[in-house]
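[1] Fold the following and give me the result.
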Amino acid sequence: MHHSPSTDPLEHLTPDERRIVQKPTHALIEVTDVGDFPGDFDAEQTILARHLRPLRDVVYSIGKMDPRVLKYAADFLTGLPSMIRDRIGHAELQAARSRRSVPEDVATAMRDWEDKTLRVLLNYAPRDQKREERRNGNDFYLAFVDGVEVYAVPAGVLQYLKIRNKIDALFRIPTEGHPLTTSLEQFRSSLYGMTGHEAPEHLELVWRRGNCREVLDHVIPDLEHDEVAFIDQPYHNRRIITPDLSKLLEDIEERQFIDGTVLVRVGQSVIRANVANCLANIPEGEWGLWHNPADIEEGESAAGYYELSRRWEPGTNWGSRGQFPSHYLSPKDRGIGAEVEILPTSASRRVRDFVRLGIARFRKAL
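    Sure, this is the predicted structure:
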């Protein structure tokens, strides 16, 4: 008996994958290397998630920052569903304890996350590289991560171990023969980001949970990351990667001055910072280094990173250049790629002005 070819464009997807691509879009969030500084994208989305507000369509740019910012964005954005489920569960528990109905915002959030799909587009393609020299070639990838559609180029932006362990399936989106684009248009990444729900037949399975892990490891080599804070453009605190978090902790313990401060090298600059357990314990106008106390569970922080920030004096004019020691950091030092190192106390003899400014230029002699 002759069987005609299947006309179902979703036949190669699992029921869960079909359900995800067929849902309407909850929000489209793009993080790209085109443009300027991204601002606090994690802070903005965290606020919306904690208040169970609908996430909004938005484009963030990392500009010329280290590409690890994009990897952090992938890790952070795919963690939003878990954060929101926890908030919904907490709100339901509070409502049950007080014998009242669940607030309407909570009920709406439950429906939104059940009926809609968050779509994330991650695009890192430096214009100073020939396309054929970029990792994974020209093709985009689609990863299903905890119900989120993540479109990524190259696949390496999914490299952090935490997000790799959350991937349920990975598909390649070949640029050749793509039904939605000739690959010659401007902003073609936006067209590839429509593949899952407009051209699912063009998806090529690379790996699915339950298959041989070595295939995923080959396409996306793992990259463990420990997190500490960095100073971004608005001079807030944020995380970066340190090659060895355990060594950083040892250095904080062993390289303190008698007054409880340490010399912290951030990129090409040096900051004298107070070792503390929260921002409130830092003297006004001074810098501090502390383990983030947020999301404490069973006495330990689930945040897993250190923060480096300055506690402002009362009445500080935030628009005054003179109030921002971090202006002395070069732009690249404000990015997630800036290395953090605790210097030995003997280095203080070669650092000038850090007592007056709280910060000094880092010299090669150090």
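
[2] Val34 reaches Ser61, doesn't it?
    Yes: between Val34 and Ser61 a contact is recorded at 6.0 Å, counting by Cβ atoms under 8 Å. Using the backbone N, CA and C atoms, a C-beta is placed for each residue, glycine as well.

[3] So if I had to pick from those two, which one is more boxed in?
    Ser61 (18 against 15; other Cβ atoms under 10 Å).

[4] Output the below-cut-off pLDDT ranges for the stretch 151-300 of the chain.
    225-227, 229-241, 292-300 (pLDDT under 70).

[5] With the stretch 1-150 of the chain instead?
    Residues of the stretch 1-150 of the chain that meet the cut-off, pLDDT under 70, sit at 1-6, 35-39, 64-66, 126-138.

[6] That one: strands as residue ranges?
    Ranges of strands within the stretch 1-150 of the chain are 25-32, 58-61, 117-123, 140-145, 148-153, based on DSSP state E, counting those that start in this stretch.

[7] Mind putting these into a markdown table with distance to Asp42?
    Below are those laid out as a markdown table (distance: least, Cβ to Cβ, whole Å):
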| stretch | distance to Asp42 |
| --- | --- |
| strand 25-32 | 11 |
| strand 58-61 | 10 |
| strand 117-123 | 13 |
| strand 140-145 | 17 |
| strand 148-153 | 16 |
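
[8] and of the ones you listed, who's closest to Cys278?
    strand 58-61 (28.2 Å; Cβ to Cβ).

[9] buried ones in the closest one?
    Using 16 or more other Cβ atoms under 10 Å as the test for burial, strand 58-61 gives Val59, Tyr60, Ser61.

[10] Give the full set of residues in contact with the first one.
    I take that to be Val59. Ile29, Glu30, Val31, Thr32, Gly35 (Cβ atoms under 8 Å, 6 or more residues apart in numbering).

[11] between these, which is nearest Leu263?
    Val31 (33.2 Å).

[12] I'd assumed Leu70 was in contact with the closest one.
    Yes: if you go by Cβ under 8 Å, Val31 and Leu70 touch, sitting 5.8 Å apart.

[13] Touching both of the two, which residues are there?
    Shared contacts of Val31 and Leu70, defined by Cβ under 8 Å, 6+ apart, are found at Ile62, Leu122.

[14] Would you map the helices across this protein?
    Assigned by DSSP state H, the helices in the chain fall at 15-22, 41-50, 68-77, 80-97, 104-115, 161-164, 188-192, 195-198, 213-219, 245-254, 354-357.

[15] Columns distance to Gly177 and mean neighbour count on top of these, output as JSON lines?
    Shown next, in JSON lines, are these (distance: least, Cβ to Cβ, whole Å; neighbours: other Cβ atoms under 10 Å):
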{"stretch": "helix 15-22", "distance to Gly177": "20", "mean neighbour count": "15"}
{"stretch": "helix 41-50", "distance to Gly177": "34", "mean neighbour count": "16"}
{"stretch": "helix 68-77", "distance to Gly177": "27", "mean neighbour count": "23"}
{"stretch": "helix 80-97", "distance to Gly177": "33", "mean neighbour count": "14"}
{"stretch": "helix 104-115", "distance to Gly177": "33", "mean neighbour count": "15"}
{"stretch": "helix 161-164", "distance to Gly177": "29", "mean neighbour count": "19"}
{"stretch": "helix 188-192", "distance to Gly177": "13", "mean neighbour count": "20"}
{"stretch": "helix 195-198", "distance to Gly177": "12", "mean neighbour count": "19"}
{"stretch": "helix 213-219", "distance to Gly177": "21", "mean neighbour count": "14"}
{"stretch": "helix 245-254", "distance to Gly177": "45", "mean neighbour count": "14"}
{"stretch": "helix 354-357", "distance to Gly177": "58", "mean neighbour count": "12"}
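
[16] For those helices, give me a markdown table that also has distance to Ala152.
    Below are those laid out as a markdown table (distance: least, Cβ to Cβ, whole Å):
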| stretch | distance to Ala152 |
| --- | --- |
| helix 15-22 | 16 |
| helix 41-50 | 16 |
| helix 68-77 | 7 |
| helix 80-97 | 16 |
| helix 104-115 | 22 |
| helix 161-164 | 10 |
| helix 188-192 | 10 |
| helix 195-198 | 12 |
| helix 213-219 | 11 |
| helix 245-254 | 26 |
| helix 354-357 | 41 |
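
[17] got the domain boundaries for this structure?
    With domains defined by automatic domain parsing, the chain comprises 15-219, 226-361.
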